[in-house]
Each structure stands twice: as C-alpha cells, then as structure tokens.
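Trainee: take this sequence and fold it.
(chains A and B)
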Amino acid sequence: DARVTQTPRHKVTEMGQEVTMRCQPILGHNTVFWYRQTMMQGLELLAYFRNRAPLDDSGMPKDRFSAEMPDATLATLKIQPSEPRDSAVYFCASGLPLTGRSSSSYNEQFFGPGTRLTVL
Amino acid sequence: GENVEQHPSTLSVQEGDSAVIKCTYSDSASNYFPWYKQELGKGPQLIIDIRSNVGEKKDQRIAVTLNKTAKHFSLHITETQPEDSAVYFCAASIGGGAAGNKLTFGGGTRVLVKP
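Mentor: Next up, the predicted model:
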C-alpha cells in the first residue's frame, strides 16, 4: 500500500557534522511537510512545500537548516552544522488537498516513520 | 498564529471504559480539525477528522465533536481496548490560500488502557 518513506531511520552523528534526511512522498501527493518532534516542544512544523515550491519555512532555523524538493519524488532536510539541540525525531508527511463545497481546501497528511537523530 | 491546547496530557482508563480528550483553539478562522494517533516508534496516523460545517462525526468506536462558538473539539473513544494505548494529537488548520493547510498540533495525550 502507498506510504511515505524516510531514510535513514536512525542517525547518530557528532556536533558540527552535516546531516541529510530524505523523504519519498506518496506518489501523486503534491504537498510535503517536515516536522520535528521532541518531548519538550511536541510536534513542530519546520517547512512545507506544494508542487515542489516552498510555501512556508518560518519554523526552521535558517542559519543551519535547509529543505528542498529536487523532484516530485524526493524531499530533503539538511542540517549543517548539526548541534546537540537538534536531537529529535524528524517526520515527513505528504498530502493532497481535498476540495470541499466552498473554494476552501483541506489537507489530509500522511506521516512517514520518522528519522531519529542524535547529535553528540 | 493559531494555538491549540490539549488536555489531559496523560489518561489512564480501564479496558471497556470510555476516554475523552479535549482541545481548544484560538483562531476562529480554523475550519479543519483532525485527530492523529501515534504508536511507539511510528509516525502519527490520521484516525478521524471534522470540518467546521459539521458538529459531530462518528466512526465505529471513535467520535469527534466540535463547538465552533466555544472553539473547542473533543475526541471520544468508547469501549476502549489495549490497542487504543497510544499518544493522541489534535490539530487545527485554516483551509485554502497560501497560508492554508498548515496544521497546528496540540501537545498530545498519552492514553493507557489497562486490561
């Protein structure tokens, strides 16, 4: 069945190293979200894309984080340089806007299994 | 921006009893309210959602109610089973437009169903 895939599932790295996380959205979905989950902050939206264009990355520390969609089947989240406070589970989600009776649209999001990042 | 508060943070119930989780939101323009269930080691999964033109929705043992005037919505799980043990998240979203479709999540409720 269709699902969002994320790689790697686990990553342990040392402070200062570059980390790249990858996401393959569900085929046909045109919206991709990156979230970070920690015990203290819960689920935080970092960035999201529609039709590969970034719509909002206000939740992302711009100095070290970057998110891209090189093509419709791949989204990447990069941290350079990584810091211990970046340790968290990073989730990718994809969705397809649903149109209701009005012109408003709603987005159901399907989450991947996450990448657990530990920065030592 | 939108702020979503969720209560309680933990909930322990006996198998067969009901569980209720409540959320409040701040932005009256929000019109889509999904609930997600997260099992250990997995990503959140949508279990039910409700849109602002509906006051209540039911799917087997789960139901969601929405009070737009009071800006709160609730998840009800009846006849709880051990497999209902998980963390549940509520969320709110404003549909449509460039700023739309962004979900703001509540802090989560850890539900434990005791056999």
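Trainee: ok, now how distant is the closest residue to B:Tyr88 other than its chain neighbours from B:Gly43?
Mentor: In space, and not counting its chain neighbours, B:Tyr88 is closest to B:Thr109: 4.9 Å by Cβ to Cβ, 6 or more residues apart in numbering or on different chains. For every residue, glycine as well, the C-beta is placed using N, CA and C. Counting by Cβ to Cβ, to the nearest Å, the separation of B:Thr109 from B:Gly43 is 17 Å.
Trainee: tell me how far the residue nearest the centre of chain A lies from B:Gln60.
Mentor: Among the residues of chain A, the one closest to the centroid is A:Trp34, at 2.1 Å (Cα atoms, centre = their mean). Noted for A:Trp34: a distance of 32 Å to B:Gln60, by Cβ to Cβ.
Trainee: can you pull out the strands in chain A?
Mentor: Along chain A, counting by DSSP state E, strands occupy A:5-7, A:10-13, A:19-24, A:31-38, A:42-50, A:53-56, A:65-71, A:74-79, A:88-99, A:105-111, A:115-119.
Trainee: mind checking which of the ones you listed is nearest chain B?
Mentor: With Cβ to the nearest Cβ as the criterion, chain B lies closest to strand A:105-111 of those, at 3.3 Å.
Trainee: surely A:Arg52 meets A:Ala72?
Mentor: Yes - using Cβ atoms under 8 Å, A:Arg52 is in contact with A:Ala72, at 6.2 Å.
Trainee: can you list the buried residues in stretch B:9-29?
Mentor: Across stretch B:9-29, burial judged by 16 or more other Cβ atoms under 10 Å in any protein chain shown covers B:Leu11, B:Val13, B:Ala19, B:Val20, B:Ile21, B:Lys22, B:Cys23, B:Thr24, B:Tyr25.
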